[in-house]
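[1] pasting a predicted model and its sequence here:
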Amino acid sequence: MKWLVENHLEKIRADYVINEGGGFSFPMKSKYVFTVQTAEKEVMWMKIRAGGSPGYGSILGVADNAVLRMAEVARGSGHTGQRSKSCP
């Protein structure tokens, strides 16, 4: 792949790529379904700043814990609002 990128990038450049999704199938309603991968792992850097009063880690709900709010922000940032679609 490195050689192709360095020597013939124009032959492999693409706007979209569909992957086989791991190369395995599974039976569903007397047919075999092959998964298709449409995205890959990506890096998403973020800086989250939150304030609050300190609490005690082993006792939940004691304080206005900024760490819990930051965790919610980080968890929600991966949600794109798109629903996955299963097509057997």
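    Yes, it's here.

[2] tell me how far Glu72 lies from Asn65.
    11 Å (Cβ to Cβ, to the nearest Å). C-beta here means a position set from N, CA and C on the backbone, and glycine is covered the same way.

[3] of these two, who's got more company?
    Legend: neighbour count by other Cβ atoms under 10 Å for Glu72 and Asn65, higher for Asn65 (18 against 12).

[4] what's the neighbour count on the residue lying closest to that one once chain neighbours are set aside?
    Leaving aside its sequence neighbours, Asn65 sits nearest to Gly55 (Cβ to Cβ, 6 or more residues apart in numbering; 4.8 Å). Look at Gly55: counted by other Cβ under 10 Å, it has 16 neighbours.

[5] show me the contacts for Gly55.
    When contacts are counted by Cβ atoms under 8 Å, 6 or more residues apart in numbering, Gly55 is found next to Val62, Ala63, Asp64, Asn65.

[6] is it true that the last one touches Gly52?
    Yes. Shown here, Asn65 and Gly52 form a contact pair, counting by Cβ atoms under 8 Å, at 5.8 Å.

[7] list just the nearest of the contacts of Gly55 to Phe24.
    Nearest to Phe24 among those, counting by Cβ to Cβ, is Asn65 at 42.1 Å.

[8] mind listing what that closest one touches?
    Contacts of Asn65 (Cβ under 8 Å, 6+ apart): Gly52, Pro54, Gly55.

[9] I am finished for the moment; much appreciated.
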